[in-house]
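Novice: when you get a sec, could you give me coordinates for this:
(one chain, ligands or ions: 1)
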Amino acid sequence: MLTQILVMAGVSGVCLSGDTVGETRVPGAAQAGATIQELMAGRVDPAADALWDSVATIVSAKGIEERRPRTAAEWKAVRLQALTLLETTGLLAMRGRRVTDKTAAPGPGELSAPEIQRRIDANHEAFVGFASALRVAGQQALAAIDARNPQRLMDAGGVIDTACEACHLTYWYPMPDSSAAAAKP
Ligand code: HEC
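Specialist: The predicted structure is shown next:
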């Protein structure tokens, strides 16, 4: 391991190669950075919401609205969200990233922050695997956007949702029964 260390002062040290994410090259570099919770609230969630909201069929008294990106500017905006989503997965996967600074008690069905941290640290490769799955889903969204294909973008949205849930069900609100879905904020 030590032979792999590259000293890059001030550089986040995430290396993306192929379909794998997150090789930390500067041990502890994430310590001072954003927490997983901050990345979720500040980047992952807003980017995913923007993608999910960009394609929809909305049925109301006024009729049926087929929402989808149409103008070049709209496609460009949604492309930026897909890039934000998939590039944030590299930050999530960095070894040493703390789960949260919050000290608030966990909500019903949620694990405590120390327990989430323990599970991540116990098998970091597994956590990286969940981040990689989200990255692959984000790449599907990006490919759909580059093909200007709303249906494929909609499909990619489903894959993204599955990737979010898989990680949350493992680390955040693991419950064996169907009430797990109801615990999603
Ligand atoms: C690699 C694992 C992983 C993936 C993938 C993942 N999350 Fe998370 N997420 C977490 C963990 C762990 C927490 C719990 C952190 C906490 O709040 O203490 C969390 C918390 C959150 C929160 C609560 C943030 C807060 O302010 O408390 C939101 C919202 C969220 N995730 C949204 C998403 C969405 C949307 C996706 C998919 C686009 C996603 N997450 C994908 C691991 C993941």
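
Novice: pull the number of nearby residues for the residue lying closest to R152 once chain neighbours are set aside.
Specialist: Distance criterion CB to CB, 6 or more residues apart in numbering; nearest residue to R152, sequence neighbours excluded, is A144 at 3.5 Å. All C-beta spots, glycine's among them, are computed from the backbone N, C-alpha and C. A144 is flanked by 22 other residues according to other CB atoms under 10 Å.

Novice: model confidence score at A144, please.
Specialist: The model reports A144 with a pLDDT of 98.

Novice: what residues sit buried inside the strand or helix carrying it?
Specialist: In this assignment (DSSP states H and E), A144 forms part of helix 124-146. Buried residues in helix 124-146, counted by 16 or more other CB atoms under 10 Å: 124, 127-142, 144-145.

Novice: and I58, that one's in a strand?
Specialist: Yes - judged by DSSP: H, G, I helix; E, B strand; the rest coil, I58 forms part of a strand.

Novice: my guess is it meets R68, correct?
Specialist: No - using CB atoms under 8 Å, I58 is not in contact with R68; the gap is 11.1 Å.

Novice: dump the residue contacts of the residue positioned nearest the centre of the chain.
Specialist: In the chain, the C-alpha nearest the mean C-alpha coordinate belongs to V44, at 4.8 Å (CA atoms, centre = their mean). Contact partners of V44, counting by CB atoms under 8 Å, 6 or more residues apart in numbering, are 85, 88, 92, 134, 164.
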